[in-house]
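K.L.:
here is a sequence together with a model predicted from it:
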Number of protein chains: 2
Amino acid sequence: MVDLDRKHNIEDIAELAGVSRGTVSRVLNNHPSVSDHTRQKVLDVIEKLNYRPNFSARHMRTDSSNLVGFGLITDEVITTPYAVEMIRGAQEALWARGKVMLVVNAGYDADLTEASLEALLERRVEGIIYAAMYHRPVDVLPQAASVPIVLTNCFAADRSLPSVVPDEVSGGYAATKHLLEKGHRRIGFINLGDTGRGVPPPLPASNGRLEGYQKALREYGVAFDPALLHYTNQTPECNYRLSCDLMRMSDPPTAIFCGNDRTALGCYGALSDLGLRVPEQVAVVGFDNFKDIADGLWPPLTTVQLPHYEMGKWAVEYLLSGRGIQDEPVQQLIDCPLVVRESA
Amino acid sequence: MVDLDRKHNIEDIAELAGVSRGTVSRVLNNHPSVSDHTRQKVLDVIEKLNYRPNFSARHMRTDSSNLVGFGLITDEVITTPYAVEMIRGAQEALWARGKVMLVVNAGYDADLTEASLEALLERRVEGIIYAAMYHRPVDVLPQAASVPIVLTNCFAADRSLPSVVPDEVSGGYAATKHLLEKGHRRIGFINLGDTGRGVPPPLPASNGRLEGYQKALREYGVAFDPALLHYTNQTPECNYRLSCDLMRMSDPPTAIFCGNDRTALGCYGALSDLGLRVPEQVAVVGFDNFKDIADGLWPPLTTVQLPHYEMGKWAVEYLLSGRGIQDEPVQQLIDCPLVVRESA
């Protein structure tokens, strides 16, 4: 029996996966001779055991060229708090194979992005992940073709590179369906709008979440009421005011779907000022599962998970699978599931 | 006249700083022949103009060895949302000099930290910043002596390496003094405690903030009342319950100083449930200036700024100044100023 509490080695993985040590080693070194089925079985055990290969100096001296796996370029993922779980997802998938990931932040500057890419390529990375802070189309990087690359939380407008993005429609649908199942029929939606203008923006997040909201309403035979849809410029004042506006309607909603968790902060403030209790009098659902807000609010916020961790992990596994430069560029969608807490 | 809106070049900087082009170039290349006074004058202009050197491919080909400046190793700064501004502070200081920063996250694993350090040193970085997610002592890295290093938001227990950390006392003092100036004399303090135990932890943040709280009380002749001091394990339930406990005292506080902004979330929830308005009936001050919470809450939260950006910037400038391997290891404190919003 393998003791799940102690530090593990390759023998443990082999035993639990029912394969040989050599097979585990081949999976860790990404050898193409392992079948997809076996590879997945081994990776599942590695994840279950939270196995980390030996990063000691001795290992490094014998195998230092193998140490750095991928380079990860971000626009501002590592300088803003919203999508850091992408880094963790990618990193843990690489750590499981004894590899370190070099990260460079490049802002939104094309020259700097190019320079960062060159800096990573010069430093012998095996692959590149380009990760965006918010879901959006990006320009294709000219040097991208020289090394396997995956776009994460973004996509090439011409779909010429593989990408992994959230399935925003699934998230809008999950949030709205949950409220419908709880009996709500008047569901306000404060969607993400352009900063300062409060109009529908061309954002995949806004458009997809609205599509999911409308899809769920249709399934339950509830007519879409445009008066229940607002767009926030995401300032606290706007989030607060739109929530008040919704609740002061002659036929106010019994539930509010907030386009992100920060919007829910202003919404909670408005409901508190109006003397309305969450969820007894008004149910609230957020979007992002930005844990410091969602899990810190009282009552804790029911919200939709943006699959940042899963996207980072998917990107590494896609590159390691060797499919990065061979097949059609995959445009992978990852589901946005509901996280039920206490606000709806 | 230099037009502040267009893209700038070295001539603009020279003109505004009143120095020669060559001097600007020497500052950008960190040449030791420039006096501290002149260096600072040039850096101030660079910051004012938001100048970025040319990162184009041509620049890189002629000068690619100069492109990568520092390596930054973090425990989990880039995989958690709390201290990302440190990365931005360091990065913008390096960008101003045409340099890219390579970042590696190493978790809390000593072998992995060592491996990350080796990976960066092999890749010809000029200096290393080791940045911690929360203010704490760290073990000294054995290879650290081979390249200039600064510890950021952490320090060597034996003070053998230069470090830059927040002045926690200044923050606790600023928060409490603000409340005292507003006339409050019964000020509850929900300080950061050990997870799950609610007792005083050996954290520089908790100890320093408490010291600042007591210092301000003394200055205003207010006796310290231990019944007003609680320690939260930082779960939402605990933050909520401790806030309720304070307000249900026979002589309740008129203001609550929360050990961090997340604590303020639970505190707002408790005050809302008790029908108490912020700030009219109870004033609330947070700590961190974690903007998504502090600026997203309604009413927006008055809080104390953790100087993450400034620490990152300080670390780069310290290393670029060439002092990293010569002088006594500096233990730099950075002030934690109050950010006044609407909750107190």
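P.N.:
Received the coordinates, thanks.

K.L.:
what helix or strand is A:V150 on?
P.N.:
strand A:149-156 (DSSP states H and E).

K.L.:
what's near enough to touch A:N105?
P.N.:
A:73-79, A:116, B:87-88, B:91, B:101, B:103 (CB atoms under 8 Å, 6 or more residues apart in numbering or on different chains). From N, CA and C alone the C-beta is placed, and that goes for glycine too.

K.L.:
please convert those to a markdown table, extending it with neighbour count.
P.N.:
Converted to a markdown table, the contacts of A:N105 look like this (neighbours: other CB atoms under 10 Å in any protein chain shown):
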| residue | neighbour count |
| --- | --- |
| A:I73 | 24 |
| A:T74 | 28 |
| A:D75 | 24 |
| A:E76 | 20 |
| A:V77 | 28 |
| A:I78 | 28 |
| A:T79 | 23 |
| A:S116 | 30 |
| B:I87 | 28 |
| B:R88 | 19 |
| B:Q91 | 27 |
| B:M101 | 25 |
| B:V103 | 27 |
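
K.L.:
mind picking the lowest-pLDDT entry from those residues?
P.N.:
Lowest pLDDT of the contacts of A:N105: A:S116, 84.

K.L.:
how far away is it from A:V147?
P.N.:
13 Å (CB to CB, to the nearest Å).

K.L.:
ok so, going back, mind putting the contacts of A:N105 in a markdown table, distance to B:R124 and secondary structure included?
P.N.:
Converted to a markdown table, these look like this (distance: CB to CB, whole Å; DSSP: H, G, I helix; E, B strand; the rest coil):
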| residue | distance to B:R124 | secondary structure |
| --- | --- | --- |
| A:I73 | 19 | strand |
| A:T74 | 22 | strand |
| A:D75 | 25 | coil |
| A:E76 | 26 | coil |
| A:V77 | 25 | helix |
| A:I78 | 21 | helix |
| A:T79 | 24 | helix |
| A:S116 | 16 | helix |
| B:I87 | 21 | helix |
| B:R88 | 24 | helix |
| B:Q91 | 18 | helix |
| B:M101 | 13 | strand |
| B:V103 | 16 | strand |
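
K.L.:
now, which of those residues sits nearest B:V222?
P.N.:
B:R88 (38.3 Å; CB to CB).

K.L.:
test my guess that that closest one contacts B:M311.
P.N.:
No - applying CB atoms under 8 Å, one finds B:R88 not in contact with B:M311, separated by 11.0 Å.

K.L.:
do me a favour and average the pLDDT over stretch A:41-54.
P.N.:
72.

K.L.:
give me the neighbour count for the residue in the stretch 51-200 of chain A that chain B sits nearest to.
P.N.:
Residue nearest to chain B within the stretch 51-200 of chain A: A:P81 (2.9 Å; CB to the nearest CB). A:P81 has 20 neighbours, counted by other CB atoms under 10 Å in any protein chain shown.

K.L.:
who's in contact with it?
P.N.:
A:F290, A:D292, B:P81, B:Y82, B:V84, B:F290, B:D292 are the contacts of A:P81 under CB under 8 Å, 6+ apart.

K.L.:
dump those to JSON lines, plus distance to A:E15 and pLDDT.
P.N.:
Formatted as JSON lines, the contacts of A:P81 follow (distance: CB to CB, whole Å; pLDDT from 0 to 100):
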{"residue": "A:F290", "distance to A:E15": "39", "pLDDT": "93"}
{"residue": "A:D292", "distance to A:E15": "39", "pLDDT": "89"}
{"residue": "B:P81", "distance to A:E15": "38", "pLDDT": "87"}
{"residue": "B:Y82", "distance to A:E15": "39", "pLDDT": "88"}
{"residue": "B:V84", "distance to A:E15": "40", "pLDDT": "90"}
{"residue": "B:F290", "distance to A:E15": "44", "pLDDT": "93"}
{"residue": "B:D292", "distance to A:E15": "45", "pLDDT": "89"}
